[in-house]
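Q: fold the following for me, if possible:
(one chain, ligands or ions: 1)
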Amino acid sequence: MSTDPLPLGWDLAPSPFHPGELAIQRRVGVVDKVDAQGRRSVRRYLTEQHRAFFGLLPYAFVGTVDAHGQPWASMIVGDPGFIAAPDAHRLEVAGRPLFGDPLNETLRDGAGIALLGVQLPTRRRNRAIGVVKRAGPNGFAIAVRQTLGVCPQYIQGRDARFTADPRKPEPRPVHRATTLDAAARAIIEKADTFFVASADPREEDGEAAGPDVGHRGGRPGFVRVDDAQTLTTPDFVGNFMFNTLGNFLADDRAGLLFPDFETGDRLYIAARAEVIWDGPELAAFVGAQRLVRYHATEVIRVERALPLAFSAPDWSPLLARTGTWAEADAAIAAERDRNVWRPFRITRIEVESDSVRSFYLEPADGGGRAGYRAGQFLPVRVEPPGWAAPVTRTYTLSDSPGGTYRISVKREGRGGVSDWLHDHATPGTLIEAMAPRGSFTFETPPNRAVVLVSAGVGITPMLAMLNDLLVNDGRTRHHAPIWFVHGARNAAGHAFAAHLRRKAELHANLRVHTAYSAPSEGDAPDSVGRIDVALLKRVLPFDDYDFYLCGPPGFMQGLYDGLRDLNVPDARIRFESFGPASVARRPDAAAASDEEAVRVDLAKSGKVLRWRPRDGSLLDTVERAGVAVLSSCRSGVCGTCATRLLKGAVEYPEPPAHEIAEGEALICVGRPRPGAHLDDSADREGVTLDL
Ligand code: FES
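A: Numbers count the residues shown, from 1 in each chain. Here you go, the predicted structure:
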């Protein structure tokens, strides 16, 4: 229990965040949540814990601003105890700035300052912001205005030992330039850590204004040197406060510090920052939520200038789901070949339930993995010995993007691809795959509650989405409640049960409900029976949900109809179905009245159908009319559904991977192109298919 005789949290009426920070929080949909959280966690004083923490450090990082308003990130070093907190509002720093550090010029009484204490061996860090007092040859003080305990993400563990007396900084060669030379590039390209200083110079922002300094970590290669004046870095999921990006809205100048932990060089870069919110490079970089491009204006490198030697890094476990620029480039190249069958090797097989196994796949041609969004599927082609021809299937990728591709396959027991994978595939087996694709992806803003409902192997896209939302254990990028409602036959048939239990323990906003239709003795589901709308009404608290559904056709249609009967808007229900007879939608009244139908004639069966955009593909429309059509991949990859087109034209929202022969249509991904209005109705002319 705290013994501080001080208010808990932020005790001023204005937000602890300035308008720039709030604007970014608003843009990503977390402003209410993070503002409330900031009022609890940001304080105007040092807690007992902060005071003790700063006193242990042999080094810390500093953000200041020079006379021209340019922020600089710096490092200060001293024997543990060189930073002391005599009371809750003051920090005292003994010793001078390091030789060649911009802090020698920026440290002046009355100037704003940010101090980031980082304990690399334990990954703890705390930040204090305040005003410089009594700057002199033997040190300075900070009148503390704001403090925050920040999360230990992406920090590499490192031990340090002194190699020289930190109280006697020695002159070292200093290189100044306006561009990045070979030595600077080498430091950046191997860096796994850098620090970024930024500042909000607007006095009207009161207590929230001033400089800041933050830590950035990644795998070596996470910072790319684009040219002699430009670097690009990913911005991973953080604490959602957006102190740095918020400052860039107020002033786009940044100060970067790359400490070279091997040689002791320090590289300082003054730059202008540009935030990139979308585009192919962002999509290809695993874990990146945004990119930040820094345009260097001044570069300072001080040689062998740290009085410390550091151990090799102990990598942050959170780096496992983050990429590098080399991987992003390989993913972009793989994306260019998205419609080419490439060899993939099965590297691992895991048993997930009595009928589901996971297969992990890596490219076997030396190329990279194309990126994907959680919920998408992987087209797979196999040609086992003795089979007449290769067979194509699509399997949802069952884990979040970032690692090896993982498909989780249910044994269908009909002697097809799934049985072959279960019975014959082993680590080392080669199969073929194309780049992932599919439109069933997560589209809900982070402040809206969501329900992921699945049955059987329909769990796979839901699991990928869930793992993607709960980015790292204990962190979430979705702040509203997430309900994971899953139906299985019994515990033996319940894939990923232990994984879901663990996620629910780690994430307060996740609730898992399991329904078993035929529980075995000893099973302990949350409910017995199949999932239907009555169950959802019973389990879900009143809220404004988006629903995602995946499972067998009857399950999906029943849930969809039930939710629509409860007035859940059509646009708030997203689903993925496997196999024929996908869900028939009932659009909202306003949308339905705008829809024009296109006529589809089936020559052989003599049926006349009406196709509307909500009906999906021509294949869906034809199947709903009770006409059987051969299909396999249902994604334009295998060509099985190719149908003779007798009249009209078919268009494709995305060009299919399979070549379309003259006079044919791939109806699993095709839609009729609307022609002229028909004389006798409001419908438009469409197509005639040889079915
Ligand atoms: S079913 Fe494979 S292309 Fe249509």
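
Q: hey, let's count contacts and neighbours off CA atoms from now on
A: Noted.

Q: where do the strands sit along the stretch 351-500 of the chain?
A: Assigned by DSSP state E, counting those that start in this stretch, the stretch 351-500 of the chain shows strands spanning 356-363, 377-382, 391-396, 405-410, 430-433, 450-455, 482-488.

Q: show me the contact partners of the last one.
A: If you take Cα atoms under 8 Å, 6 or more residues apart in numbering as the criterion, strand 482-488 is touched by 449-456, 459, 494, 509-517, 530-531, 540.

Q: ok so, going back, and of the strands of the stretch 351-500 of the chain, who's closest to Ala128?
A: strand 482-488 (34.0 Å; Cα to Cα).

Q: so what strands line up beside the closest one?
A: The strands that strand 482-488 pairs with in its sheet are strand 450-455 (parallel), strand 510-516 (parallel) (by DSSP bridges).

Q: for stretch 196-216, which residues meet the burial criterion?
A: Using 16 or more other Cα atoms under 10 Å as the test for burial, stretch 196-216 gives 196-201, 205, 207-216.

Q: ditto for stretch 656-666
A: Quick answer for stretch 656-666 (16+ other Cα under 10 Å): Pro656, Ala657, His658, Glu664, Ala665, Leu666.

Q: show me the two of those that sit farthest apart.
A: Ala657 and Glu664 (14.7 Å).

Q: and the closest residue in space to Thr621 that isn't next to it in sequence, how many residues sit next to it?
A: Closest residue in space to Thr621, ignoring its immediate chain neighbours: Asp615 at 6.2 Å, by Cα to Cα, 6 or more residues apart in numbering. When neighbours are defined as other Cα atoms under 10 Å, Asp615 has 20 of them.

Q: which residues does Ala164 contact?
A: Going by Cα under 8 Å, 6+ apart, the list of residues near Ala164 reads Pro307, Leu308.

Q: now it, what's its secondary structure?
A: coil (DSSP: H, G, I helix; E, B strand; the rest coil).

Q: for the stretch 201-350 of the chain, which residue gets nearest to the ligand?
A: For the stretch 201-350 of the chain and the ligand, the shortest gap (Cα to the nearest ligand atom) falls at Asn339, measuring 12.3 Å.

Q: contact partners for that residue?
A: Asn339 touches Met434, Ala435, Ala657, His658, counting by Cα under 8 Å, 6+ apart.

Q: what score does the residue in the stretch 251-400 of the chain that the ligand sits nearest to have for pLDDT?
A: Nearest to the ligand in the stretch 251-400 of the chain, going by Cα to the nearest ligand atom, is Thr392, at a distance of 7.6 Å. We have a pLDDT of 90 for Thr392.

Q: likewise Asp4?
A: Asp4 is assigned 49 on the pLDDT scale.

Q: equivalent analysis for the one 3 residues further on, please.
A: Here the pLDDT value assigned to Pro7 is 69.

Q: Val144 pairs with what?
A: Assigned bridge partners for Val144, using DSSP bridges, are Gly130.

Q: could you redo the strands of the stretch 351-500 of the chain as JSON lines and give each row mean neighbour count?
A: Shown next, in JSON lines, are those (neighbours: other Cα atoms under 10 Å):
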{"stretch": "strand 356-363", "mean neighbour count": "22"}
{"stretch": "strand 377-382", "mean neighbour count": "23"}
{"stretch": "strand 391-396", "mean neighbour count": "22"}
{"stretch": "strand 405-410", "mean neighbour count": "24"}
{"stretch": "strand 430-433", "mean neighbour count": "21"}
{"stretch": "strand 450-455", "mean neighbour count": "24"}
{"stretch": "strand 482-488", "mean neighbour count": "24"}
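
Q: indicate which one of those is closest to Leu148.
A: Of all those, strand 482-488 sits nearest to Leu148, with 27.8 Å by Cα to Cα.

Q: same question for the closest one, mean pLDDT?
A: 97.

Q: starting at the chain centroid, how far to it?
A: Mean-position distance between strand 482-488 and its chain equals 22 Å (Cα atoms, centre = their mean, to the nearest Å).

Q: OK, contacts around the spatially most central residue of the chain?
A: Closest residue to the average C-alpha location of the chain: Gly287 at 4.7 Å, with Cα atoms, centre = their mean. With Cα under 8 Å, 6+ apart as the criterion, the residues that contact Gly287 are Pro234, Phe236, Val237, Arg321, Thr322, Gly323, Gly402.
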